[in-house]
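# Give the three-dimensional model of this entry:
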Amino acid sequence: MAQHDVNFTVPERPLGNADIEFEVKRDGKKFGTLKISKGSLVWVTADHTYGYKLSWTDFDDLAHKHGKEGHK
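Residues are numbered from 1 along each chain as shown. I've put the predicted structure just below:
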């Protein structure tokens, strides 16, 4: 099973004006970056500049369809 490491950077300004970025590593190598803002989430894979954007509503739908219920 792959091991994932997650690091993040919090900018010194209000969320909404700048994303919070989570760098995700798989087995020690960069897997991608999750950018979270007031309006959406963007997943950028390790070797790309542009990513996949989801609104919070779309993320909620995705979590309900594909997530496993019962976690805190």
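# When you work out contacts or count neighbours from here on, use the C-alpha atoms and nothing else.
Fine.
# hmm, which helix or strand of the chain has the shakiest average pLDDT?
strand 4-9 (a mean of 84; mean pLDDT, DSSP states H and E).
# and it, how far from the chain's centre?
10 Å (C-alpha atoms, centre = their mean, to the nearest Å).
# can you list contacts of that strand?
For strand 4-9, contacts defined as C-alpha atoms under 8 Å, 6 or more residues apart in numbering pick out 20-28.
# ok, so what distance separates the residue nearest to T45 when sequence neighbours are not counted from F22?
If the residues on either side of it in the chain are set aside, T45 comes closest to G32, at 4.1 Å by C-alpha to C-alpha, 6 or more residues apart in numbering. Distance of G32 to F22, given as C-alpha to C-alpha, to the nearest Å: 8 Å.
# Just flag the most distant two among the contacts of strand 4-9.
I20 and D27 (22.8 Å; C-alpha to C-alpha).
# More neighbours: the two, which one.
Neighbours were counted for I20 and for D27 using other C-alpha atoms under 10 Å; I20 has more, 20 against 12.
# Give the bridge partners for that one, please.
Legend: beta-bridge partners of I20 under DSSP bridges are I36.
# Report the contact partners of it.
Taking C-alpha under 8 Å, 6+ apart, we find I20 in contact with 8-11, 35-37.
# Dump the residues you listed into CSV; add neighbour count and distance to H66 as well.
Below are the contacts of I20 laid out as CSV (neighbours: other C-alpha atoms under 10 Å; distance: C-alpha to C-alpha, whole Å):
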residue, neighbour count, distance to H66
F8, 13, 25
T9, 11, 27
V10, 12, 28
P11, 12, 31
K35, 20, 20
I36, 20, 20
S37, 18, 22
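# Specify which member of those is nearest to A63.
I36 (15.6 Å).
# wait, isn't that closest one in contact with V42?
Yes. The pair I36 / V42 is scored as a contact, 6.6 Å apart, by C-alpha atoms under 8 Å.
# What strand or helix carries T33?
strand 29-36 (DSSP states H and E).
# show me where pLDDT drops low in this protein?
11, 13-16 (pLDDT under 70).
# hmm, back to that, show me what counts as buried in the strand holding T33.
Within strand 29-36, the residues scored as buried using 16 or more other C-alpha atoms under 10 Å are 30-36.
# Thank you, goodbye.
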